[in-house]
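[1] no FASTA, just this:
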């Protein structure tokens, strides 16, 4: 058949038997078809394998022809010995005709071993996989992997993963469908060492299970060659074992990259404002946010650039970052909005922020904005004003005794710039910002429900304001381009 097709006058029939590796020959055939495709398609003779696919799955012959042309080898499969039993195995597993066609058009090699395909479908069904999960699993699997992996070995892996507390639905959709190759791993020599290493960091069994669901690829990593060096790097930055575990739990996907690639840009951005290795260790002990924020290198660089554009010197940025490392994880537009609120609503300036960097670290819409507005409305602002007699003797502590070490750190950030502006110099912002809503309301003798209602309205009004500002900016840009049609 292949010899006959190779000598066929129909370029489409020759194309379906010309290997993808013979690029020049395929290019010549496609060029020949450039202006005469429809004519040759009318004369096209499908192979028995193509006919079975069209008939069993209700697929148009033109679609089957395209699949055969794009996948040399498909049309050479035995119609009754390979294609038909493969199609019926998929249909028996509950995979619909359309989904079966989609799968086989992408993974036609599955039909080469119908017995193997049937066994795997039975195996997956027994372990709770739904038809759509089976389809996704087969789409992500290499046919050679399915042939080489025994079901006994796969069963051992499934049992091991279930021992981590993974439920059938998560095991299927979030783990095996993402990395089918896991079923080919050896439990004792490859999987158990990874789990043991993660538990040595302090993770419980359930915690390891959650990490696996978030990023199954971690089970494919080598402990000595990849995981241990990663942990050593984090410890070199000053992370405790508990913090390393936090990084693994929150962002396990980071372990897919070299740590230098993940954190090198962060360290470089910090170095530009005078923050060295010892400073980084101090920052890490306070917060990991600046290390694990999405796209950390770009995020920290953007935050530093934004603060410089807002008039802060490198030394001032360094002081704020040491006091509140998490503010370097705040997005530039959020930093700008918080600064604008401090300047326009609070009546402060950069010195106000330097006296309490927490003003930038806390979300404006969740903490500073509604709380400051609420106490102004309730006439309670005086409760946050330091007594003059106290102010002179406690200048090193924003928030007084309530601030603790982090309150002192906030105030230290302002040491290089002097005191805050006169209009806000006596206001204890740290006390306003540090507590959770329930504790804050209790400390003020306020109704939590009343404050939450006010906060909801404030957030709606603030969101509306942001939308209006964005619309105005967009209109201004359109006017600059001369394409604005409004008034």
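    Right, received. Where do you want to start? Everything numeric here is computed off the predicted structure, so don't read it as measured data.
[2] ok, and the closest non-adjacent residue to residue 265?
    Among residues not flanking residue 265 along the chain, residue 297 sits closest, at 2.5 Å (Cβ to Cβ, 6 or more residues apart in numbering). Where you see a C-beta, it was placed from the backbone N, CA and C, and this is true even at glycine.
[3] actually residue 246, sorry about that
    residue 288 (6.3 Å).
[4] again with residue 339
    Nearest to residue 339 is residue 310, by Cβ to Cβ, 6+ apart, at 5.6 Å.
[5] surely that neighbour touches residue 336?
    Yes: between residue 310 and residue 336 there is a contact under Cβ atoms under 8 Å: 7.0 Å.
[6] what secondary structure does the residue nearest to residue 265 sit in?
    helix (DSSP: H, G, I helix; E, B strand; the rest coil).
[7] do I have it right that it meets residue 266?
    Yes: using Cβ under 8 Å, residue 297 makes contact with residue 266 at a distance of 5.2 Å.
[8] most residues in a single helix of this structure, which one?
    helix 448-481 (DSSP state H).
[9] neighbours of residue 208, how many?
    24 (other Cβ atoms under 10 Å).
[10] got it, and residue 207?
    If we define neighbours as other Cβ under 10 Å, then residue 207 has 18 of them.
[11] now do the contacts for it.
    Residue 207 makes contacts with 198, 245, 249, as judged by Cβ atoms under 8 Å, 6 or more residues apart in numbering.
[12] where does this structure dip in pLDDT?
    For the chain, the stretches with pLDDT under 70 are 1-7, 387-425, 484, 486-487.
[13] ok so, going back, got the buried residues for the longest helix of the chain?
    By 16 or more other Cβ atoms under 10 Å, the buried positions in helix 448-481 come out as 451, 454, 455, 458, 462.
[14] grab the nearest non-local neighbour of the first one.
    Taking Cβ to Cβ, 6+ apart as the measure, residue 451 lies nearest to residue 441, with 5.4 Å between them; neighbours along the chain are not counted.
[15] need the contact list for that neighbour.
    Residues near residue 441 by Cβ under 8 Å, 6+ apart: 447, 448, 451.
[16] rerun that using 10 Å as the cut-off
    371, 374, 435, 447, 448, 449, 450, 451, 452 (Cβ atoms under 10 Å, 6 or more residues apart in numbering).
[17] that one: which element?
    Residue 441 is part of helix 437-444 when elements are defined by DSSP states H and E.
[18] what's the angle from that helix to helix 448-481?
    Per axes from the mean of the first three to the mean of the last three Cα atoms, to 10 degrees, the angle that helix 437-444 makes with helix 448-481 is 120 degrees.
[19] mind listing what's buried along helix 437-444?
    Buried, per 16+ other Cβ under 10 Å, within helix 437-444: 437, 440, 441, 444.
[20] farthest-separated two in those?
    The largest separation in those, counting by Cβ to Cβ, is between 437 and 444 at 10.9 Å.
[21] find residues that contact each of the two.
    What both residue 437 and residue 444 touch, as defined by Cβ under 10 Å, 6+ apart, is the set 371, 451.
[22] let's verify the most centrally placed residue in the chain: helix, strand, or coil?
    The residue lying closest to the centre of the chain (Cα atoms, centre = their mean) is residue 294, at 7.3 Å. Under the three-state scheme (three-state DSSP), residue 294 adopts coil.
[23] my guess is it contacts residue 251. True?
    Yes: using Cβ atoms under 10 Å, residue 294 makes contact with residue 251 at a distance of 8.7 Å.
[24] residue 145: which of the buried residues of helix 437-444 is nearest?
    residue 437 (52.0 Å).
[25] separation between the closest one and residue 460?
    Distance of residue 437 to residue 460, computed by Cβ to Cβ, to the nearest Å: 17 Å.
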